[in-house]
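In: Based on what follows, work out the 3D shape:
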Amino acid sequence: MPIGSSTRRSRALTGAACLSAVLTAALTGCGTSAEQAAPPPAQVPAAPPAGRPAAQPERADRQELNAQASAAQREAAAQRRVQTARRWGLAAVPLRAPAAPSSRPELAEGPGVKRTAGLPPVVYRVPTQDKVVFLTVDDGAEKDPEFSRMLAELEVPVSAFLSDYLARSDYEYFRRLERQGVAIQNHTVNHPDLRRLDDTRQQQEICGQQDRLEREIGTRPRLFRPPYGEYTATSLRIAAGCGITAVPLWNEEAFADHLEYRYADQRLHPGDIVLTHFRGPDSWKGTMTDMLRRFLDAATAQGFAVARLEDYL
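Out: Sure thing, here's the model as predicted:
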């Protein structure tokens, strides 16, 4: 039966209404009013339970006070170093060594290092770009308490290479040095020229001192310095067999009244090893504290800090 015009108009109106409803639903959410579709208001944090204070960010004035306290502590420490240097008669405050390297430098054959396959390296100058030098003290004859105190107060790192025949009269002195940070290393039992000894005697001199220092000090040395700087391939082989990993010699020598340089420029170089001895006024023109004062002033004036040899070797 044909559809009348009135019926067509009614259906058209109904379709338009449906289309309008669909569009409204698409915009506001199907079956949801505009008010219902609006996002909920922001939630207000709940108050902390009774008796518990609310968390507060650190105040800016507290941070400023902490910074001022840190600066004051650094300034006080710097002033103490100045006063200590003056008390020991130094011309300037010794420079601070940089942090120890994360790994020890490779000891490849070069101007300051001698290598023989399978044997410990012999080192005159540590391969480093750091402006550091290393102070080493040999033998053990003089046991000066003022020298020990000066090292401690100025925080100077030192390596002591001991010969038993001189150190044995007072190993307690060297135990105290070791407790304050001085590294104790091997310089043979009786300080002989190793080139003149057979294998058995060299074994007794080198490894015998390893054993003696382990008993007396509590640690077994890694470093060995042959007396007079003289050695053979046999010396190095024997030393390696009883725990030695490197043989440091020296480029400069410090005395109470002067320094002796190996090179023509008469200056220190990065990584130089400096030799001195446990000596007193009976054999030197001064004391061990005179020697340390002269050496530190020279190193500081040339822009060098004293570092710990065992951090590099």
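In: Residue 309 reaches residue 137, doesn't it?
Out: No. Because the distance of 11.1 Å does not satisfy Cβ atoms under 8 Å, residue 309 is recorded as not touching residue 137. Bear in mind the C-beta positions are built from the backbone N, C-alpha and C, glycine included.
In: Quick check on the two: which one has the bigger neighbour count.
Out: Neighbours around residue 309 and residue 137, counted as other Cβ atoms under 10 Å, are more numerous at residue 137. The numbers are 27 against 24.
In: in which helix or strand would I find that one?
Out: Element membership for residue 137, per DSSP states H and E: strand 132-139.
In: Would you mind giving the orientation angle of the helix or strand just after that strand with respect to strand 132-139?
Out: For strand 132-139, the following helix or strand on the C-terminal side (DSSP H and E) is helix 145-154. Angle of helix 145-154 versus strand 132-139, following axes from the mean of the first three to the mean of the last three Cα atoms, to 10 degrees, is 160 degrees.
In: What is the helix or strand following helix 145-154 packed up against?
Out: Sequence-wise, the next helix or strand downstream of helix 145-154 (DSSP H and E) is strand 158-162. Judged by 3 or more Cβ pairs under 8 Å, 6 or more residues apart in numbering; DSSP states H and E, the packing partners of strand 158-162 are strand 132-139, helix 171-179, strand 183-186.
In: a markdown table for these, including mean pLDDT and distance to residue 271?
Out: Conversion of those to a markdown table gives the following (pLDDT from 0 to 100; distance: least, Cβ to Cβ, whole Å):
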| stretch | mean pLDDT | distance to residue 271 |
| --- | --- | --- |
| strand 132-139 | 98 | 7 |
| helix 171-179 | 98 | 24 |
| strand 183-186 | 98 | 17 |
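In: Nearest to residue 97, out of those?
Out: Each of the helices and strands packed on strand 158-162 has some distance to residue 97 by Cβ to Cβ; the shortest is strand 132-139, at 5.4 Å.
In: so where do the helices sit in the stretch 151-300 of the chain?
Out: With helices called from DSSP state H, counting those that start in this stretch, the stretch 151-300 of the chain shows them at 164-167, 171-179, 199-217, 233-241, 288-301.
In: what about the ones you listed, which gets the closest to residue 115?
Out: Minimum separation from residue 115 across the helices of the stretch 151-300 of the chain (Cβ to Cβ) falls at helix 233-241, 10.4 Å.
In: And the helix ranked longest in the chain, what does it pack against?
Out: Using DSSP state H to define each element, the chain has its longest helix at helix 60-87. Counting by 3+ Cβ pairs under 8 Å, 6+ apart, the packing neighbours recorded for helix 60-87 are helix 145-154.
In: so what secondary structure elements neighbour the helix it packs on?
Out: Identification of packing neighbours for helix 145-154 by 3+ Cβ pairs under 8 Å, 6+ apart yields helix 60-87, helix 171-179, helix 288-301.
In: any idea which of those helices is most buried?
Out: For the helices and strands packed on helix 145-154, the stretch with the most neighbours on average is helix 288-301, a mean of 21; neighbours defined as mean count of other Cβ atoms under 10 Å.
In: ok, back up a step: between the longest helix of the chain and helix 288-301, how many degrees?
Out: Taking the same axes, to 10 degrees, one finds that helix 60-87 is oriented at 130 degrees with respect to helix 288-301.
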